[in-house]
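> show me the folded form of this:
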Amino acid sequence: MDETQSVGTTGDWNPMTMIDPTTKERKGFDIDIATALAADMGVKVVFAPTTWKTLVNGVVAAKYDMTSSALLSPKRALVAGYSLSYFAVEDVPLMLNKNKGKYNSWEDLNSQNVTVAVTLGTVQEKLAEVLFNKSKIIKVSATARDYQEVLSGRADISMTSNLEAAKLVEQYPQMMVVPVQGGKNPTPLAVLLPQTDQVWINYVNHWIILKTERGFFDQLKAKWLKQ
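This next block holds a predicted model:
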């Protein structure tokens, strides 16, 4: 067995994977998962920087053994393996508080007068192309993020998971979730793994089942997802 376990992670998805601005150490829901898995295996965890655009390619090219959480996607599943899911999210739009009342539904956002920001390589990028075929779509590359376009006034809305949205409106009081009727694209989260390494996939899946039964993921939700 290798003495290290490498994990590809973007470090830009609060509260799943983040980089502490002071210590530069990684922290979050996903970081705790990877650290616990490595501890149970008796190896050292090593976090490999990546972006959403290169996340899948990294695991396919064996640049790391697994990734931090990623949304299930048929396109990703064509080339990479997935673990069992341990959490699910849905997508919601964000805007500035000053636009409260201007947008109240998904239909309001699909307009030639609306600019939508998304991050390259994310599931939200593909969803926006379907939902907002009339709107102008801005695609930003890491290390930039879509919500920064809204904060700067270059975009009217951005798309993210309800998980991250809750943290962003807490961090930036000038932002709010657009009061749409329900989120879109409910999707399970899992880690990406090398598609051909069934032994490794089986091990991670059994570990997730065991940790779920013992309340590990509930503990992480209580720690990282509290408002």
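> just checking, what packs against the longest helix belonging to the chain?
Identified as the longest helix of the chain according to DSSP state H is helix 198-213. Packing partners of helix 198-213 (3 or more CB pairs under 8 Å, 6 or more residues apart in numbering; DSSP states H and E): helix 29-41, strand 184-193. (Each C-beta comes from the backbone N, C-alpha and C, glycine too.)
> list the buried ones in it?
By neighbour count with 16 or more other CB atoms under 10 Å, helix 198-213 contains the buried residues 201, 203, 204, 207, 208, 211.
> hey, C-alpha coordinates of it in PDB?
The C-alpha coordinates for helix 198-213 follow below in PDB (Å, rounded to 0.1, in the frame of the first residue of the first chain):
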ATOM      1  CA  GLN A 198     -12.600  -1.300  -8.900                       C
ATOM      2  CA  VAL A 199     -10.700  -2.500  -5.900                       C
ATOM      3  CA  TRP A 200     -10.100   1.100  -4.800                       C
ATOM      4  CA  ILE A 201     -13.700   2.100  -5.600                       C
ATOM      5  CA  ASN A 202     -15.000  -0.900  -3.500                       C
ATOM      6  CA  TYR A 203     -12.800   0.100  -0.600                       C
ATOM      7  CA  VAL A 204     -14.000   3.700  -0.600                       C
ATOM      8  CA  ASN A 205     -17.700   2.600  -0.900                       C
ATOM      9  CA  HIS A 206     -17.400   0.200   2.000                       C
ATOM     10  CA  TRP A 207     -15.700   3.000   4.000                       C
ATOM     11  CA  ILE A 208     -18.600   5.400   3.300                       C
ATOM     12  CA  ILE A 209     -21.200   2.800   4.200                       C
ATOM     13  CA  LEU A 210     -19.400   2.100   7.500                       C
ATOM     14  CA  LYS A 211     -18.900   5.800   8.300                       C
ATOM     15  CA  THR A 212     -22.500   6.600   7.500                       C
ATOM     16  CA  GLU A 213     -23.800   3.900   9.900                       C
END
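> that one to strand 184-193, inter-axis angle?
Here helix 198-213 points in a direction 120 degrees away from that of strand 184-193 (axes from the mean of the first three to the mean of the last three CA atoms, to 10 degrees).
> and the chain, what are its domains?
4-87+186-224, 90-185 (automatic domain parsing).
> need the distance between the two termini of the shortest one.
With CA to CA, to the nearest Å as the measure, the first residue of domain 90-185 is 5 Å from its last.
> please enumerate the helices of the protein.
For the chain, the helices defined by DSSP H cover 29-41, 55-60, 74-77, 106-109, 123-131, 146-152, 162-171, 198-213, 216-224.
> next, format the domains of the chain as TSV and append mean pLDDT.
Formatted as TSV, those follow (pLDDT from 0 to 100):
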stretch	mean pLDDT
domain 4-87+186-224	95
domain 90-185	93
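> next, the contact list for residue 195, please.
When contacts are counted by CB atoms under 8 Å, 6 or more residues apart in numbering, residue 195 touches 60, 79, 80, 81.
> with adjacent residues omitted, what lies nearest to the third one?
Excluding the flanking residues, the one nearest residue 80 by CB to CB, 6 or more residues apart in numbering is residue 192, at 4.7 Å.
> what does the first one give?
Closest residue to residue 60 apart from its sequence neighbours, by CB to CB, 6+ apart: residue 79 at 5.4 Å.
> I'd like to know how many residues surround the one you found.
A count of nearby residues for residue 79, using other CB atoms under 10 Å, gives 12.
> next one: it relative to residue 14, how far apart?
Distance of residue 79 to residue 14, computed by CB to CB, to the nearest Å: 27 Å.
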